[in-house]
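In: structure, please.
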Amino acid sequence: MQILIIEDEIRAVNQLQSMLKACDFKIDLLQIIDTVEDAVLWFKNNEAPDLVFMDIQLADGLSFEIFQKTTVKAPIIFTTAFDQYAIQAFKVNSVDYLLKPIQKDDLKSALDKFLQSNKSSTLDQTTLKQLLSDLKVPVEREGILVKSGNGFVQLKIADLLYCYSEDSITFGVTLDKRFIIEETIDDLYTTLDQTKFFKINRGQIVSKSCISKIEPYFNHRVILFVTNPRDQEFIVSRPKTSDFKNWMNQ
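Out: Presented below is the predicted three-dimensional model:
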């Protein structure tokens, strides 16, 4: 079975591959793709795979944008960290969807559904517009429950300068402290006001208010200078540089 994985988190890719083996689902992994741009190029230049596992939030945007730029003639199992209300709209338009963190029983159920249906699925433009609208509904959030000593405190979003992932741990940084956040970078980002916060690469989210300077960097990227950097480098990934500049210009 030839499959394509479109996912920008290595940990999620490794987890999916391990679970597929645990489900005795033999696969020929064609490629792992982490951006909308690269996915569009792949579909334009390759035959359709038997099955696609596709994350919704990729390094350079929502995966639904792929369907607006090219034709995808393959069944799809979406993986997503979005709340269930936001994904009901596309439930009937794909083979299935899996909420992160993916559970083995849910994966097996989705694979069984795929094997039984054994047919391609495409999304029409009307559905795509609705999906993009649904998934961009802002989520109001005022605080994050974080570890503090042997207990927890609430980190106010207004005090959050940036977040970063290190050794599979998410940290949130304020003007004078660093906190451990029990959420992945992707999960956290979906709950933040994206007019104020931007996910500049796979492992970093920055607040617009903490950026003091922006300079050109290698390979058409930019590097940011932020408040209380704590030995971190803040480099905007190449696929996100254009969107980041537009975001800063708003």
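In: contact partners for Ile66?
Out: Ile66 sits next to 6, 36, 39-40, 43, 54, 72 when contact means CB atoms under 8 Å, 6 or more residues apart in numbering. No exception for glycine: its C-beta is placed from N, CA and C like everyone else's.
In: find the least confident helix or strand in this structure, judged by mean pLDDT.
Out: Taking mean pLDDT, DSSP states H and E as the measure, the helix or strand of the chain with the lowest value is helix 84-87, at a mean of 50.
In: average pLDDT for whatever helix or strand comes next after it?
Out: Once the chain leaves helix 84-87, the next helix or strand it forms, by DSSP states H and E, is strand 96-99. Strand 96-99 carries an average pLDDT of 75.
In: just list what strand 96-99 packs against, helices and strands only.
Out: Helices and strands touching strand 96-99, as assessed by 3 or more CB pairs under 8 Å, 6 or more residues apart in numbering; DSSP states H and E, comprise strand 76-80, helix 104-117.
In: and the shortest one, how far out from the chain middle?
Out: Just to be clear, that refers to strand 76-80. Taking the mean of its C-alpha atoms, strand 76-80 sits 12 Å from the chain's own mean (CA atoms, centre = their mean, to the nearest Å).
In: spatially nearest residue to the residue positioned nearest the centre of the chain (excluding sequence neighbours)?
Out: Using CA atoms, centre = their mean, the residue of the chain that lies closest to the mean C-alpha position is Gln57, 3.2 Å off. Nearest residue to Gln57, sequence neighbours excluded (CB to CB, 6 or more residues apart in numbering): Asp186, at 5.8 Å.
In: same check, this time on Asn201
Out: Asn201's closest residue in space is Ser237 (CB to CB, 6+ apart), at 4.3 Å.
In: neighbours of that neighbour, just the number please.
Out: Burial of Ser237, expressed as a neighbour count using other CB atoms under 10 Å, amounts to 21.
In: show me the residues around it that make contact.
Out: In this structure, Ser237 makes contact with 59-60, 200-202, 221, judged by CB under 8 Å, 6+ apart.
In: those residues into JSON lines, with extra columns for distance to Ile169?
Out: Formatted as JSON lines, the contacts of Ser237 follow (distance: CB to CB, whole Å):
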{"residue": "Ala59", "distance to Ile169": "20"}
{"residue": "Asp60", "distance to Ile169": "25"}
{"residue": "Ile200", "distance to Ile169": "18"}
{"residue": "Asn201", "distance to Ile169": "17"}
{"residue": "Arg202", "distance to Ile169": "14"}
{"residue": "Arg221", "distance to Ile169": "25"}
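In: and the residue of the chain positioned farthest from its centre, backbone torsions?
Out: The outermost residue of the chain relative to its centre, with distances by CA atoms, centre = their mean, is Asn150 at 30.8 Å. In terms of degrees, to the nearest 10, the main-chain angles of Asn150 are phi -90, psi 0.
In: how much space between the residue nearest to Asn201 and Cys210?
Out: When distances are taken as CB to CB, to the nearest Å, Ser237 and Cys210 turn out to be 18 Å apart.
In: same check, this time on Val226
Out: Here Val226 is placed at a distance of 5 Å from Cys210 (CB to CB).
In: Asp112 now?
Out: Noted for Asp112: a distance of 47 Å to Cys210, by CB to CB.
In: how about Met248?
Out: The value you get for Met248 to Cys210, if CB to CB is used, is 12 Å.
In: looking at the two, which one has more neighbours?
Out: Under the criterion of other CB under 10 Å, the comparison of Met248 against Cys210 puts Cys210 first, with 20 against 14.
In: ok, and the closest non-adjacent residue to that one?
Out: Closest residue in space to Cys210, ignoring its immediate chain neighbours: Leu161 at 4.0 Å, by CB to CB, 6+ apart.
In: per-residue pLDDT, that neighbour?
Out: Leu161 is assigned 97 on the pLDDT scale.
In: tell me how many other residues crowd it.
Out: Other residues lying near Leu161 total 20 when counted by other CB under 10 Å.
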